[in-house]
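What follows is a predicted protein model with its sequence.
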Number of protein chains: 2
Amino acid sequence: MIKLETDPKKIGYAIGIDLGGTYIKSAIVDSGGKIIKQFKIESFAEKGPAAVSKQIEKCIQFLSKGFKKNILGIGIGAPGIVTKGVVKFPPNFKGWKEVNLKKEFEKKFKYEVILDNDANCAGLAELKFGHGKKYGNFIFLTLGTGIGGAIVTDGKLYRGEQNGAGEFGMMTINYNGPECLGGNRGSVESHIGKNYFLEHESEELNKLGKKTDFSDLQKLAAKGNKAALQLLKKYGFYLGIGITNYFNLMDVRTAILGGGISNNYPYFIKECRKVIKERSLKTIKNEFRVLKSKINNNAGVLGAAALIFE
Amino acid sequence: MIKLETDPKKIGYAIGIDLGGTYIKSAIVDSGGKIIKQFKIESFAEKGPAAVSKQIEKCIQFLSKGFKKNILGIGIGAPGIVTKGVVKFPPNFKGWKEVNLKKEFEKKFKYEVILDNDANCAGLAELKFGHGKKYGNFIFLTLGTGIGGAIVTDGKLYRGEQNGAGEFGMMTINYNGPECLGGNRGSVESHIGKNYFLEHESEELNKLGKKTDFSDLQKLAAKGNKAALQLLKKYGFYLGIGITNYFNLMDVRTAILGGGISNNYPYFIKECRKVIKERSLKTIKNEFRVLKSKINNNAGVLGAAALIFE
């Protein structure tokens, strides 16, 4: 999979913008995934689309000012459903319905603008600048409040019929399992989504201290705390069931983990691997890998920039 | 998706051979999926590879004798793992290890020989000659003793890293669920594979009569028997959970059902659809379809022939 880019259209720089509910992060990124210049600003998600647009504009102006090299375009990663440059009802953004950011920013600036949802961007970042340089078939999982996914097959992001592929969190792994806001009783997210997990295990967690979170569990596990290790083992079990389902269905051997909870990787990975080994196809059992993303912190802007290099 | 074939290499006829443990079915098929001539013979699966080869040879000789038109090649669908023309340890075939049928038959006959596993062939038959003429993204499921699957994306069979994709039966839908021979507790197959289902529901089934099978259930359900309808509703629930997982993951809206148990379609489909509607993505809920294959009986030979037209 490793090859030097020779397509002249893809040599140059891209502006990547990660549109979040709290911050808008932005950067100029080169085609190798190196961040050249970056800028972070408040998101004004509560103030409506016009205020947010103004903030995005500030990012682009700051980044492009005085930058003399060839900018190929602007990539924007946004939450929710994104189709053909239109951001639809992004969660946590007040007063948004359907906003065509592509049209707006192509008018304001001379660059091509490409948008996609943040899960696809994270997968793309991994494909272009992370482990994807080595593996052309994998699922990228974001472990956080939500459990997102992005599917890469044959070195390309797989988007599905309506750009919604990779809803790993919605996979039912126990139809009798815990309830889920979306109606998917026993889904992966209802097991390992941050708030769900903390709620279901609150009895054990309370014994460890008030408001024990995944970062506390990480610290406790590092010190060898048995209860913390036991809880993270449980996390690894559920995650392993979900990954196995993907591996068996798609005949794929690589999963890459990002998102805040992936910092607990050292403490849940053993159980996760055990489950996969027990439940996967003969041809997968001895030859799979579950890796932690190396570009976790910058995945948002890198993935948005990668839209331009795709 | 509907278009007339204009590639001259693909206009003509193919010999399709469906290698089963009991029978070898074979046919000459045209590029539109019409069976021109067919031949069925005992499989001799118990007598070792040489005896089986001899039987395949008889099929080819019978079919090609006196056939004056352009035969493009021979496609063979075989059970188990098939890689690069080699059939590896097919279940129910005595004395087989790895047999290169491609090499053998390309030597014996002047035709190109292409092999694949029977699940892929069934999916390919559906793609080329069935509902696939209309839908370019779907999962094809074989509902029988085993629960097989074949994945089609963008009008092409998706094979995975080692030609093993589509193991729908191995998907865990309840990690606390019934045990499974392969070690996958609570897999789709452990719920709806023929023998598993009949065993788990034996108490209810015995009330309906001795050795009640899916064909009995079908007859009883057609007469409105409540217990039979209830059992098939259960079948539809489990099937719906599995299909939803696929739809959500891949952002796909079409599933096509083949195999013997698909004859019970009228009695399990309502519950199956209900589950999918309850548990799928907003963009999928109102726009999906679960169809019964129209080419069920000939899927084996048609799919094998389709390998030549692919």
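Received the coordinates, thanks. As the structure is a prediction and not an experimental result, all values here were calculated from the model.

So which residues of the stretch 151-300 of chain A form helices?
Using DSSP state H, counting those that start in this stretch, the helices of the stretch 151-300 of chain A run over A:188-192, A:194-200, A:202-208, A:214-222, A:226-250, A:265-279, A:282-285, A:299-309.

and of these, who's closest to residue B:219?
Minimum separation from residue B:219 across the helices of the stretch 151-300 of chain A (C-beta to C-beta) falls at helix A:226-250, 33.9 Å. C-betas here are computed from N, CA, C, even on glycine.

and the angle for the closest one with helix B:226-250?
90 degrees (axes from the mean of the first three to the mean of the last three C-alpha atoms, to 10 degrees).

Could you count how many residues lie near the closest residue to residue A:188 other than its chain neighbours?
Excluding its sequence neighbours, the residue lying closest to residue A:188 (C-beta to C-beta, 6 or more residues apart in numbering or on different chains) is residue A:242, at 4.4 Å. Number of residues near residue A:242 (other C-beta atoms under 10 Å in any protein chain shown) recorded here: 30.

State the pLDDT value of residue A:242.
We note a pLDDT of 98 for residue A:242 in this prediction.

measure it to residue B:201 for me?
Distance of residue A:242 to residue B:201, given as C-beta to C-beta, to the nearest Å: 28 Å.

same check, this time on residue A:191
On the measure of C-beta to C-beta, residue A:191 and residue B:201 end up 28 Å apart.

Near chain B, which residues of the stretch 101-250 of chain A? Just list them.
Residues of the stretch 101-250 of chain A found near chain B (C-beta under 8 Å from any C-beta of the partner chain) are A:137, A:149, A:151, A:153, A:158-168, A:170-177, A:183-184, A:186, A:237, A:241, A:244-246, A:248-250.

List only buried entries from those residues.
For those, a burial check counting by 16 or more other C-beta atoms under 10 Å in any protein chain shown picks out A:137, A:149, A:151, A:153, A:158-161, A:163-168, A:170-175, A:177, A:184, A:186, A:237, A:241, A:244-246, A:248-250.

and the residue lying closest to residue A:191 once chain neighbours are set aside, how many neighbours?
Closest residue to residue A:191 apart from its sequence neighbours, by C-beta to C-beta, 6+ apart: residue A:238 at 4.1 Å. Counted with other C-beta under 10 Å, the neighbours of residue A:238 add up to 23.

can you check the one 5 residues further on too?
Under the neighbour criterion other C-beta under 10 Å, residue A:243 is assigned a count of 26.

Give the bridge partners for the closest residue to it other than its chain neighbours, please.
The spatial neighbour of residue A:243 that comes closest, neighbours along the chain excluded (C-beta to C-beta, 6+ apart), is residue A:255 at 4.9 Å. Under the criterion DSSP bridges, residue A:255 forms beta bridges with residue A:139, residue A:290.

Looking at residue A:255 now. What's its pLDDT?
In this model, residue A:255 carries a pLDDT of 98.

contacting residues for it?
By C-beta atoms under 8 Å, 6 or more residues apart in numbering or on different chains, the contact set of residue A:255 is A:138, A:139, A:140, A:141, A:243, A:246, A:247, A:288, A:289, A:290, A:291.

Among the residues you listed, which one lies nearest to chain B?
When these are compared for distance to chain B (C-beta to the nearest C-beta), residue A:246 comes out closest, at 7.2 Å.

For that closest one, give me its contacts.
With contact set as C-beta under 8 Å, 6+ apart, residue A:246 has these partners: A:139, A:168, A:252, A:255, B:249.

My guess is the third one contacts residue A:136. True?
Spelled out, it's residue A:252. No. With contact defined as C-beta atoms under 8 Å, residue A:252 does not reach residue A:136; the gap is 9.9 Å.

Residue of the stretch 1-150 of chain A nearest chain B, please.
Using C-beta to the nearest C-beta, the single residue of the stretch 1-150 of chain A nearest to chain B is residue A:137, 5.6 Å away.
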